[in-house]
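> Make a model of this:
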Amino acid sequence: MWDYPRPPRLAADTREVVVRTEGVTVAISQRAVRVLETAGPPTFYLPPDDVRRDLLIARPGTSACEWKGLASYWSVRAGQRVLRDVAWSYPDPLPGFERIRDYLSFFPGRIECTVEGERVRPQPGGFYGGWITSEIVGPVKGEPGTAGW
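As a prediction, this is how the structure comes out:
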């Protein structure tokens, strides 16, 4: 991770990525794009065609990323349960990040995410959406004492 660039770089990833909750598969893809940025675990973005859009509920509000632009947020309905603010996307990304337009990423601390069958651990801190797998070596942004990174 410490050799990831700033500004971030986009990288294609053909490993199987699955997002599910309550026994419902929300997304499955072998066409993910990872965003690689210094000090943070990668974030996986899935093409909209690989996500069950019928389960998504648009949420009000946005947040700004200096590199990617304004993010929109999504909740997921699975049966009678609604998981709030579990995904985000960039409907109008800034130059250099057009490739992830309308792709969705999910917070692995709020919904089950796997990469090649390995359960993803969430990036610490609650704000960031990085995906930690066994290949990631820390420390990572979000852990105690990293606010100034």
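
> beta partners for the residue nearest the centre of the chain?
By C-alpha atoms, centre = their mean, the mean C-alpha position of the chain lies nearest to residue 105, the distance being 3.1 Å. When assigned by DSSP bridges, residue 105 has beta-bridge partners residue 88.

> What score does it have for pLDDT?
Per-residue pLDDT puts residue 105 at 98.

> Kindly report the same for the one 5 residues further on.
Listed pLDDT for residue 110 reads 95.

> In which helix or strand does it reside?
Taking DSSP states H and E as the definition, one finds residue 110 inside no helix or strand.

> what residues are up against the residue nearest to the centre of the chain?
Contacts for residue 105 were tallied using C-beta atoms under 8 Å, 6 or more residues apart in numbering; they are 43-46, 87-89, 129. C-beta: built from backbone N, CA, C; applies to glycine.

> Residue 97: which of those is nearest?
Taking C-beta to C-beta as the measure, residue 97 lies nearest residue 45 of the contacts of residue 105, at 9.7 Å.
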